[in-house]
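**Student:** Return a 3D structure for these sequence lines:
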Amino acid sequence: MSPASASCAPERDRIAATVRRLVVIESRLSVDPATIAEEEPLNGALLKVNSLGFLGMLIRLEDDLGLDLPDDLFVGRSFATVRDLIDLVATAAAGSAR
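**Tutor:** Alright, predicted model coming up:
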């Protein structure tokens with residue numbers, strides 16, 4: 001692992017934990033967020049994140065992580081899984097760290 005990717009790992013872990021916590025809250029579940037797999041669909045059998053809930057989560061992610069999620073990050077992307085959302089936020093975090 002390169003020094004750059006090693007320094008990104010803790011940040012991605014923090015982002016992943018925050019995303020998992022928020023999808024559990026949005027879905028009104030009583031489960032440990034750590035049990036949510038990155039491959040879990042955002043709107044499937046377990047999680048129930050609709051478009052309005054997704055927007056609310058984006059605002060909470062910005063607040064909780066101290067990040068801006070610029071509109072251009074969303075162009076051409078789809079968000080089907082928890083990983084899709086984690087990757088978006090990690091991209092924003094990496095861009096703000098430069």
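**Student:** I'd say P41 and R83 touch.
**Tutor:** No. Taking contacts as Cβ atoms under 8 Å, P41 lies outside contact range of R83: 10.3 Å. Every C-beta, even on glycine, is put in place using the N, C-alpha and C of the backbone.
**Student:** Where do the strands of the protein begin and end?
**Tutor:** Ranges of strands within the chain: none, based on DSSP state E.
**Student:** E40 and L67, how far apart?
**Tutor:** Per Cβ to Cβ, to the nearest Å, E40 is found 22 Å from L67.
**Student:** What of A16?
**Tutor:** For A16 relative to L67 (Cβ to Cβ), the value is 14 Å.
**Student:** Between these two, tell me which one has more neighbours.
**Tutor:** A16 (21 against 17; other Cβ atoms under 10 Å).
**Student:** which ones are touching that one?
**Tutor:** E38, I86 (Cβ atoms under 8 Å, 6 or more residues apart in numbering).
**Student:** could you redo the last one with a cut-off of 7 Å?
**Tutor:** By Cβ atoms under 7 Å, 6 or more residues apart in numbering, the contact list for A16 reads I86.
**Student:** Quick check, central residue of the protein?
**Tutor:** What sits nearest the mean C-alpha location of the chain, by Cα atoms, centre = their mean, is I86, with 3.3 Å.
**Student:** R21 is in contact with that one, correct?
**Tutor:** No. Here I86 lies out of contact with R21, judged by Cβ atoms under 7 Å, at a distance of 11.9 Å.
**Student:** hey, C-alpha coordinates of the longest helix along the chain in CSV?
**Tutor:** For the chain, the helix with the greatest residue count under DSSP state H is helix 3-26. Output in CSV follows, covering the C-alpha atoms of helix 3-26 (Å, rounded to 0.1, in the frame of the first residue of the first chain):
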residue,chain,number,x,y,z
PRO,A,3,1.7,6.1,1.7
ALA,A,4,-1.1,8.1,-0.1
SER,A,5,-3.5,5.2,-0.1
ALA,A,6,-2.6,4.4,3.5
SER,A,7,-3.5,7.9,4.6
CYS,A,8,-6.8,7.7,2.7
ALA,A,9,-7.9,4.4,4.3
PRO,A,10,-8.8,5.9,7.7
GLU,A,11,-10.7,8.7,6.0
ARG,A,12,-12.7,6.2,3.8
ASP,A,13,-13.4,4.1,6.9
ARG,A,14,-14.8,7.2,8.7
ILE,A,15,-16.9,8.1,5.6
ALA,A,16,-18.2,4.5,5.3
ALA,A,17,-19.2,4.4,9.0
THR,A,18,-21.0,7.7,8.7
VAL,A,19,-22.8,6.7,5.5
ARG,A,20,-23.8,3.4,7.1
ARG,A,21,-25.1,5.2,10.2
LEU,A,22,-27.2,7.6,8.1
VAL,A,23,-28.7,4.9,5.8
VAL,A,24,-29.8,3.0,8.9
ILE,A,25,-31.4,6.1,10.4
GLU,A,26,-33.1,7.0,7.0
